[in-house]
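Student: With the sequence up front, the predicted model follows.
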Amino acid sequence: MRKKSPPYWLDWLLDKILSGEQAEIIKGDLLELYKEKAIKHGSTWASFNYFVDVLSLLRIKIFRRNRYKTLNKMDLFFYNWKITWRVLIRDRFTSSINILGLSIGFASVLLAWIYIEHENKYDKFIVNPKTTVRVSSHWAQIGNYAKTPFPVGPALLDEYSYVDDFFRCVKITTDDGSGIPVRIGDRKFFEEKMISVDKSFIEIFNIQFLWGDPKSALTDPLSLVLSQRAAKKYFGSENPIGEVMNIEGKYDMVVTGIVENIHNKSHLEFDILSPMAFMIDIRWKQWDGFDHDWTSPLVWTYARLKDEKSVIQLEKDIATFVVDRYPEGIIDDNDNFHHYVQRVSDIHLKSNIGREFKANGNQTMLVVFGTVSLLILFIASINFINLTTARSTIRAKEVGVKKVVGAEKTQLIRQFYFEVFVQNLLAVIVAYLVLFLIWQPFGHIMSVDIPLDRSTALSTVLISVFLCFINTLIAGTYPAIFLTSFKPTAILKGKLLAIGRGLSLRRILVTMQFVAAMVFIASALIISDQLDFIRNKDIGVNTSQLVEVNRPPRSISNEVIIEAFRSHPNVISATASAGSLPGKTSPSWSYHPQGFPKERQSFNTIWTYDDFAKVFGGEIIAGEDFSRKFRGDSLNAVLLNETLARSLGWSPEEAIGKSFDEFEWRKQETNPGRVVGVVKDFNFRSLHHEIDPAVMLYTDSDFGNIILRLSGEDLVGTIKALETSWDELMPDVPFTCKFMDESIEMQYQKETKLSTSMGYFTSLSLFITILGLIGLVSFMLTQRTKEISIRKVLGAGVMQIIFLVSADFVKIIAIAFVIASAVSYFMMERWLQDFSFRITVGILPFLAAGLLAFLIIAILLGLKSVELSKINPASTLKDE
Amino acid sequence: MKRTNLGEFEEFVLLVIGALGSEAYGVSIKNEIKKRTGRNPSVGALHSALYRLEDKRMVESRVGGATAERGGRRKKYYSLTEVGKKALVAANDIRSELFNMIPGLAIKPNK
């Protein structure tokens, strides 16, 4: 059968393209043509032609809008402006709540964005961050280690053809950041960030020279290159090229260059660069064999590879590097010890292994930040949706009249979107003000220094424009559709059905707001509880009033310094110590305990001196403390902690007198030792960790920092007196000391940052929620004025009415309480798993959050009750 | 001379409208163009040309003449305006003038 009409879907498509009289005429033409074709060539061919013609009409759609309906676009735009402006002014209370809330939300998102972008930019300035890798080590017993033995770098270049270049890097300052003395003329300083690198570092890391020649700057073993920051610190605005700096009181080194700072954009930071030759030819000169020591992780090793493919190749090849390349007889077991590679671009956010160059960034923190800031914006958007739909009764008449006059729904929707967009735009502008206000405090809390460069500024502006549009869609869609859906007949007759329809969604949104706010409150409380717990926990030693005095290694002996310090009346006791102390990193050393097979076992180690337990306030449970009598003993005196004795199967008493040989890596031989005492367990590491086995090794050399226990009286005077004695002993070295409490506090920096920022976020979210509630409550009461008046007439008291109104909110709070408690419980349990010593989550924080929410509502309603009591039924009901 | 801005296709459409007289509407114009030139313009191309000509005030239109083949829809009849006629004359003049200047091709009147 021959079809008489073209396919239905093509007609539908045609309707989308054309409208009005134009449609009628063109459709007529098309149909005529179709029939003609259908008779001549059959309906398939006719349909095809019809289809092609329909498509050809798109050009009319695109280039020629329906001319009979166009209004002046600019007129409409100005009209929208005028109406929007009037609405903003008329509802100034609501619109200022909206704009203020949104601007805080935008500001937090922008801040989080800038922070996240900054953290992600780390090491991207290197020319090829993806083909530059760090070679790290893995020990079966100790785990991953960022450092490698000294000869690994050259061996890599030699072994693999795709390794382009390499450099080694070592800190001259010690890893705990105690610094080395620097003297310029008669001015004394401490430098905490001095490193030695191979020359190729300059090229591989793309270091930019401001002064000096990049090619020759690090040639002489006694040359120095300063960072901009260091140049300012040491020489102010003078040109330091050619100046002499005395390092460690021993080496006179000449400044040959100044380079751009990289401390806030790289995981590898420095203030003074010295050539590797300085270490090889001068500083390590007496140290025999470091350059063929294949077992001590001495330096960080970086390699630049030819291309991305080589990275994958190297990842594969390096697994067997130890067996393939290491001299025979040193390591023949890949499982026990091997190397692996990390892309430099991944280190800052993803790597957290032993002996990192410095504490790296934290990806979790970034995720928390991003999520939390989006949540705050979300809370503000909910306010927006709620307050806008709540005012629908007022807008309803406007919509009704406009519809009667002939406005189409799409036009009205466009008008509402425009209003929302304008409010968002104003909020973005205010957000920049907020951003400038919180910029400094934020940088301080997070201890970041984010340079405001052009690319950051540009991306921030782009993001805020994007947010503005996206949020217009999110916060504007529901109100726009809701407000324009009213039936004009119903509205103008005075039937306001709107409230009932909006209520359920509004309830859900308010509940979500409360959930978010309560999760914030409960989490903040739990985090600060855990921090309090950490700070007040008895860690087995007493660190208050303990002062650590930095001293350069291999200088005057412990005995002399301690003698000098002990003469002060406020110094109770003194010892020297290095290694796994509270607040420090924990190096491991290898031993051979008596009765165990001749395999080396690694334990955390503290090198210490006379009166160790006495100074630290630790308890000796068997044997005796270190003292003068062990000095010069042919057997090294050793203290064990309880856990170690237990893990070796010794009771504290049995342990005494057992042999405990220390393994000397560098000489590949053991020094005989014996156990003289067992110390009660104490937390030498942060409370994230269990108490591991630990060894305290007696050192009578000139090693370690001086630890003093002070009486606590006249601290300032005591420190001053100590400085005077120090200057007599070591006039070249400045006196610096640190309270051990502070070092311990530093271990929980991450948690402290989290806690402080959570505190701020909680206050912000609460503030926005309260803003929204104020708007909503006052609106609800206005809505119910007549109902309340009637109740009053019938004899209800103000309190009864308050209860009536608050019933809604109590339900909402109850639901939010349940959800929020569950969510924050699971989140916080996960967070607490990081700690070996932790609080158990009780019900209190959740109750507090719920109670706070309830109080807020109660106070708001309480304030409103004054207004309620003033309602005069005679005037509110006179129209009925 | 005043520019008329007449495209080649537009010129055809104008000529056809003039030739068809009172019967010039979408389908008849399209069919006539096909018949005379062998080209088969799409409906979209034709109508946008008609709109352009209308914008240039070279054609005017009137609506009417619904038929059953068209599903009861009306036609839009086009006719030349004075401007349109002038444009055609001008285009023709230019063309023949230039054509006559091509040596060896122009048909010279027999002397």
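Tutor: Arrived safely. Numbering: from 1, shown residues only, chains lettered A, B, ... in the order given.

Student: Break chain A down into its structural domains.
Tutor: With automatic domain parsing as the criterion, the domains of chain A are listed as A:8-63, A:72-122+A:362-493, A:132-350, A:497-537+A:746-880, A:551-735.

Student: Can you lay out those as TSV showing mean neighbour count, mean pLDDT and distance to B:D55?
Tutor: Backbone N, C-alpha and C define where each C-beta goes, glycine included. What follows is the domains of chain A, written out as TSV (neighbours: other Cβ atoms under 10 Å in any protein chain shown; pLDDT from 0 to 100; distance: least, Cβ to Cβ, whole Å):
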stretch	mean neighbour count	mean pLDDT	distance to B:D55
domain A:8-63	17	80	11
domain A:72-122+A:362-493	18	85	18
domain A:132-350	18	87	58
domain A:497-537+A:746-880	17	85	47
domain A:551-735	18	83	78
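
Student: could these go into a markdown table alongside distance to chain B?
Tutor: Shown next, in a markdown table, are the domains of chain A (distance: least, Cβ to the nearest Cβ, whole Å):
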| stretch | distance to chain B |
| --- | --- |
| domain A:8-63 | 3 |
| domain A:72-122+A:362-493 | 18 |
| domain A:132-350 | 50 |
| domain A:497-537+A:746-880 | 42 |
| domain A:551-735 | 72 |
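
Student: quick one, which of those is nearest to B:L14?
Tutor: domain A:8-63 (18.4 Å; Cβ to Cβ).

Student: so how far is that closest one off the chain centroid?
Tutor: 60 Å (Cα atoms, centre = their mean, to the nearest Å).

Student: ok, back up a step: could you work out which of the domains of chain A reaches nearest to B:S28?
Tutor: Of all the domains of chain A, domain A:8-63 sits nearest to B:S28, with 9.4 Å by Cβ to Cβ.

Student: Without its sequence neighbours, what residue ends up closest to residue 18?
Tutor: Here I'm looking at chain A. Using Cβ to Cβ, 6 or more residues apart in numbering or on different chains and skipping the chain neighbours, the partner closest in space to A:L18 is A:I26 (5.9 Å).

Student: Switch to chain B, please.
Tutor: B:G18 sits nearest to B:L80 (Cβ to Cβ, 6+ apart), 5.1 Å away.

Student: who touches the residue most central in space within chain A in this structure?
Tutor: Residue closest to the mean C-alpha point of chain A, counted by Cα atoms, centre = their mean, is A:M365 at 3.1 Å. Contact analysis of A:M365 by Cβ atoms under 8 Å, 6 or more residues apart in numbering or on different chains lists A:K750, A:K753, A:L754.

Student: what helix or strand is the last one on?
Tutor: To tie it back to what came earlier, the one meant is A:L754. Assigned by DSSP states H and E, A:L754 belongs to helix A:749-783.

Student: Just name the closest of the contacts of A:M365 to A:V322, please.
Tutor: So of those, ranked by how close each gets to A:V322 (Cβ to Cβ), first place is A:K750, at 33.5 Å.

Student: Give the full set of residues in contact with that closest one.
Tutor: Listed by Cβ under 8 Å, 6+ apart, the contact partners of A:K750 are A:N362, A:M365.

Student: Quick check: residues of chain B near chain A?
Tutor: B:25-27, B:30, B:42-45, B:47-48, B:51, B:63, B:66-67, B:69-71, B:73-76 (Cβ under 8 Å from any Cβ of the partner chain).

Student: where does A:D732 land in three-state SS?
Tutor: In three-state terms, and counting by DSSP: H, G, I helix; E, B strand; the rest coil, A:D732 is coil.

Student: and if you look at A:S590?
Tutor: Relying on three-state DSSP, one would call A:S590 strand.

Student: center of chain B - which residue?
Tutor: Centroid check for chain B by Cα atoms, centre = their mean gives B:L14 as the closest residue, at 1.6 Å.

Student: circling back to that earlier point, just the buried residues from the residues of chain B next to chain A, in PyMOL please.
Tutor: Applied in PyMOL, the following selects the buried portion of the residues of chain B next to chain A according to 16 or more other Cβ atoms under 10 Å in any protein chain shown:
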select buried, chain B and resi 25+26+27+30+42+43+44+45+47+48+51+70+73+74+75+76
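
Student: The residues of chain B next to chain A in strands, which ones?
Tutor: B:V63, B:K75, B:K76 (DSSP state E).

Student: so can I have a markdown table of those showing pLDDT?
Tutor: Putting these into a markdown table (pLDDT from 0 to 100) gives the following:
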| residue | pLDDT |
| --- | --- |
| B:V63 | 85 |
| B:K75 | 85 |
| B:K76 | 87 |
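
Student: Of the residues you listed, which is the nearest to chain A?
Tutor: Distance to chain A across those (Cβ to the nearest Cβ) is lowest for B:K76, with 4.5 Å.

Student: and that closest one, what is it in contact with?
Tutor: Going by Cβ under 8 Å, 6+ apart, B:K76 touches A:I25, B:Y25, B:G26, B:S61, B:R62, B:V63.

Student: Likewise for A:Y698?
Tutor: A:Y698 neighbours (Cβ under 8 Å, 6+ apart): A:T608, A:Y609, A:F626, A:F630, A:N636, A:A637, A:V638, A:L639.
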